[in-house]
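Undergrad: Sequence isn't available, so here's the structure alone:
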């Protein structure tokens, strides 16, 4: 098919590398834990772009089951936008409501990762706990950023492997966040406990956050609380 756009393995490698490097430039991984977070995100990207430009496994699996009800579900690049097919979208798939929402979520995710890193970097330079900016709303804004990016990609190109990977990666980030919190709690003591008491881990409260209390400096620099 002229619109198949599959078997393009150089595009799989190029897109995976570009988005992974782009994310790393915002995230600035330093520790082994940071690189595990980046590795999980890169695995998600590889699975996504393999189906987007390599082999449309999900479309092949679903076309026999849903093909009679959704004629647009074909092994073409346009057919890979499954949510568009399910609502009968006939226009440019890149301008569908799902795709436009995905642009917003992906952009918001990269912005959140970058904004959180700037706050964290400034706090580390002065040996203080990061409690301002995105950290005033949630304790782990950078992990939230990764999750927003993945949700955005799922809206525009859902696949069986990435849908299966998403809850697993969510658990991975949750475990990494808990390990980081144990280290920061040992380092900052009461300042951390006060901050953790009034600040949710991942989902911000609807009401305005309680103004942060400046944490005292510490002899060791603050570690990454993504």
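TA: Thanks, I have it. Keep in mind that what you see is a predicted model, and the values were worked out from it rather than measured.
Undergrad: hey, where'd the strands end up in this protein?
TA: With strands called from DSSP state E, the chain shows none.
Undergrad: list the contacts for the most centrally placed residue in the chain?
TA: Closest residue to the average C-alpha location of the chain: residue 146 at 2.1 Å, with C-alpha atoms, centre = their mean. By C-beta atoms under 8 Å, 6 or more residues apart in numbering, the contact list for residue 146 reads 23, 37, 41, 109, 113, 173. Yep, even glycine has a C-beta here, placed from its N, CA and C like the rest.
Undergrad: Could you list the low-pLDDT ranges of the chain?
TA: Within the chain, the stretches with pLDDT under 70 are 1-5, 59-80, 208-226.
Undergrad: Format the contacts of residue 146 as JSON lines; extra columns: distance to residue 9 and neighbour count.
TA: What follows is the contacts of residue 146, written out as JSON lines (distance: C-beta to C-beta, whole Å; neighbours: other C-beta atoms under 10 Å):
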{"residue": "23", "distance to residue 9": "21", "neighbour count": "21"}
{"residue": "37", "distance to residue 9": "26", "neighbour count": "25"}
{"residue": "41", "distance to residue 9": "21", "neighbour count": "24"}
{"residue": "109", "distance to residue 9": "26", "neighbour count": "23"}
{"residue": "113", "distance to residue 9": "28", "neighbour count": "25"}
{"residue": "173", "distance to residue 9": "29", "neighbour count": "23"}
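Undergrad: So which of the residues you listed belong to helices?
TA: 23, 37, 41, 109, 113, 173 (DSSP state H).
Undergrad: okay, how far is it across stretch 151-168, tip to tip?
TA: End-to-end distance for stretch 151-168: 13 Å, by C-alpha to C-alpha, to the nearest Å.
Undergrad: The closest residue to residue 7 other than its chain neighbours: neighbouring residues, count only.
TA: Using C-beta to C-beta, 6 or more residues apart in numbering and skipping the chain neighbours, the partner closest in space to residue 7 is residue 54 (6.8 Å). When neighbours are defined as other C-beta atoms under 10 Å, residue 54 has 17 of them.
Undergrad: Report the separation between residue 54 and residue 89.
TA: As defined by C-beta to C-beta, to the nearest Å, residue 54 lies at a distance of 24 Å from residue 89.
Undergrad: any idea how far residue 92 lies from residue 57?
TA: Distance from residue 92 to residue 57, by C-beta to C-beta: 24 Å.
Undergrad: more crowded one of the two?
TA: Neighbour comparison, residue 92 and residue 57: the larger count goes to residue 57, with 14 against 10 (by other C-beta under 10 Å).
Undergrad: Who are the contact partners of that one?
TA: 51, 159, 160, 161.
Undergrad: can you rerun that using 7 Å?
TA: 51, 160 (C-beta atoms under 7 Å, 6 or more residues apart in numbering).
Undergrad: ok, now residue 53?
TA: When contacts are counted by C-beta under 7 Å, 6+ apart, residue 53 touches 5, 6, 8, 11, 12.
Undergrad: With residue 41 instead?
TA: 23, 146 are the contacts of residue 41 under C-beta under 7 Å, 6+ apart.
Undergrad: Perfect, I'm done here.
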